[in-house]
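A.B. asks: dropping the sequence and predicted coords here.
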Amino acid sequence: MSNVPAGVEPGQRAAWVDAARCMAMFFIIWLHAGAAPGWVGEVVGGAICLFYVLAGYFMPQVPGSCARRAGRLLLAWLLWSVLSAGLALAVEPGAGFSWARFVGLGAPAYNTPLWFLRNLALYQLVVALLLWLRVLPGYVWWVVVLLLGCAYAVEPAQHVGLRFDHLWWVVLGVGLRGVPLAGLRLWLGRYAWLLVGGGVFLLVQPYVLDAVLGVAWRRSALPVAELVAVVGFCVAGVLGERFCPQVVRCMVPVGRCMFFSYAAHSFMLAPLYAGWVPAFAWNVWVPLPVLLLLTWLCLLGQRYFPRVLALFLAR
């Protein structure tokens, strides 16, 4: 069983995928910077789901390799947690130490992105178990439908702070592994405008039914907005690679450092959390310099401290 998706060579990168990662990270930092418009929160939900889908797509399909990858993610999460807690205690020494808050179980961690790293590692352990039981990849679409129904039929139980409703996105990525990246790119490019139109329709149809037609519409619990955002990021990456290749070329290194940016950006946004919240242009100017600086720091660290950065990047 191959460790790489169909049509993907080991170490191969797709520029449109890294561009999609870059754009998704931009919206996450925009939201966390404060004073963002309300719709950004919906887009950020899709950005998180995009990362989960890509994690499933590029996840090793051998149980042992998948479990080792989960172990590296847990180590990276622990290291980022120690760094986050240490900085928090240095800034607020009188705040005290809470183990639950430190590891993010039952309470939010100091560093906002840490829950994502922890959940991603645990999801990989679940996938490793399903691979070992030979449920995946043969029954992957049955598992996707089952998890989707369990996550959204009722309010998901958030035991020990774990978001079970995101697990199906990872398994969805595992299911998409059979489609080569080149095939995905071709399909997204060919039907880009149809996908954009369908996404707009899905987003506005509840308002049209309620306000224009006067039809009572009970909003579905299914993650429609997240799905539209995931497809939207991918389409934007493909179209950007086709029509603005130089722009995408500049976005590629930022997308490749996404893990570092996700885990570290709240440290740079700490002054905003302390009360300095500029409202100019909804803080749209904040994500770009933060992303660029974090990318530079990551590349610098990989050059001079490769082994240390490898631990923090779960490599």
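C.D. replies: Happy to help now that I have it.

A.B. asks: could you pull up phi and psi at L309?
C.D. replies: Main-chain torsions, L309, degrees, to the nearest 10: phi -60, psi -30.

A.B. asks: correct me, but it touches G301?
C.D. replies: Yes - applying CB atoms under 8 Å as the test, L309 and G301 come out as touching, 4.3 Å apart. From N, CA and C alone the C-beta is placed, and that goes for glycine too.

A.B. asks: identify the contacts common to the two.
C.D. replies: F260 (CB atoms under 8 Å, 6 or more residues apart in numbering).

A.B. asks: what about the lengthiest helix in the chain, average pLDDT?
C.D. replies: Ranked by number of residues, the top helix in the chain under DSSP state H is helix 63-91. Mean per-residue pLDDT for helix 63-91: 87.

A.B. asks: just stretch 121-132 next, same as before
C.D. replies: On average, stretch 121-132 scores 94.

A.B. asks: which residues touch it?
C.D. replies: Against stretch 121-132 from outside (CB under 8 Å, 6+ apart): 52, 55-56, 59, 61-64, 66-67, 69-71, 73-74, 77, 136-137, 143, 162, 166-167, 170-171, 174.

A.B. asks: same thing with stretch 257-268?
C.D. replies: With contact meaning CB under 8 Å, 6+ apart, stretch 257-268 is reached by 21-22, 24-25, 28-29, 32, 51, 76, 80, 84, 87, 111-114, 116-117, 254, 273, 290-291, 293-295, 297-299, 301, 309, 312-314.

A.B. asks: now the buried members of those residues.
C.D. replies: With neighbours counted by 16 or more other CB atoms under 10 Å, the contacts of stretch 257-268 contain buried members at 21-22, 24-25, 28-29, 32, 51, 76, 80, 84, 111-114, 116-117, 254, 290-291, 294-295, 297-298, 301, 309, 312-314.

A.B. asks: gap between whichever helix or strand Y123 is part of and the chain center?
C.D. replies: Assigned by DSSP states H and E, Y123 belongs to helix 114-132. What separates the centre of helix 114-132 from the centre of its chain is 14 Å, taken as CA atoms, centre = their mean, to the nearest Å.

A.B. asks: helix 114-132 and the next helix or strand after it, what's the angle between them?
C.D. replies: With elements assigned by DSSP H and E, the helix or strand that comes after helix 114-132 is helix 140-152. Angle, helix 140-152 to helix 114-132, by axes from the mean of the first three to the mean of the last three CA atoms, to 10 degrees: 140 degrees.

A.B. asks: quick one: average pLDDT of helix 140-152?
C.D. replies: Here the average pLDDT along helix 140-152 is 86.

A.B. asks: now do stretch 264-275
C.D. replies: 74.

A.B. asks: need the nearest residue in space to A20, chain neighbours excluded.
C.D. replies: G237 (3.7 Å; CB to CB, 6 or more residues apart in numbering).
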